[in-house]
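J.: Attaching a predicted model along with its sequence, questions to come.
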Amino acid sequence: MNYPTPTLQPLPVSSLVTEQSRQRLVTAIISVTNGIAYYIEPYQQQLLDRYTRGRMTLDEVVYSLEAAASFRASAK
């Protein structure tokens, strides 16, 4: 069965990486989960906040989230 998928609108690309552009990216990512029951844990919010302020790269955020997920999976 074919399910309709939402049309994704590309974000305007800028060569300047600013706190505002990082916040727009975080907002866009979170908006994809609208309508999906998902709880952002405090450590996840801290990572997103650190990314937004430029204290972490996106790669570092992804690595941290993957490491936490791996740790939780192995702890079960």
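T.: Done, it's in. Residues are numbered from 1 along each chain as shown.
J.: Give the buried residues for the worst-scoring helix or strand of the chain on mean pLDDT.
T.: Ranked by mean pLDDT, DSSP states H and E, the weakest helix or strand in the chain is helix 19-32, scoring a mean of 79. The neighbour-count check on helix 19-32 (16 or more other Cβ atoms under 10 Å) flags 22, 25, 26 as buried. From N, CA and C alone the C-beta is placed, and that goes for glycine too.
J.: now the strand or helix carrying residue 46 and helix 19-32, what's the angle there?
T.: Taking DSSP states H and E as the definition, one finds residue 46 inside helix 42-52. Helix 42-52 and helix 19-32 are oriented at 140 degrees to each other (axes from the mean of the first three to the mean of the last three Cα atoms, to 10 degrees).
J.: Tell me the buried residues in helix 42-52?
T.: Neighbour-count burial for helix 42-52 [16+ other Cβ under 10 Å]: 47, 48, 51, 52.
J.: Just put those residues in a markdown table and tack on pLDDT.
T.: Below are these laid out as a markdown table (pLDDT from 0 to 100):
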| residue | pLDDT |
| --- | --- |
| 47 | 90 |
| 48 | 87 |
| 51 | 88 |
| 52 | 87 |
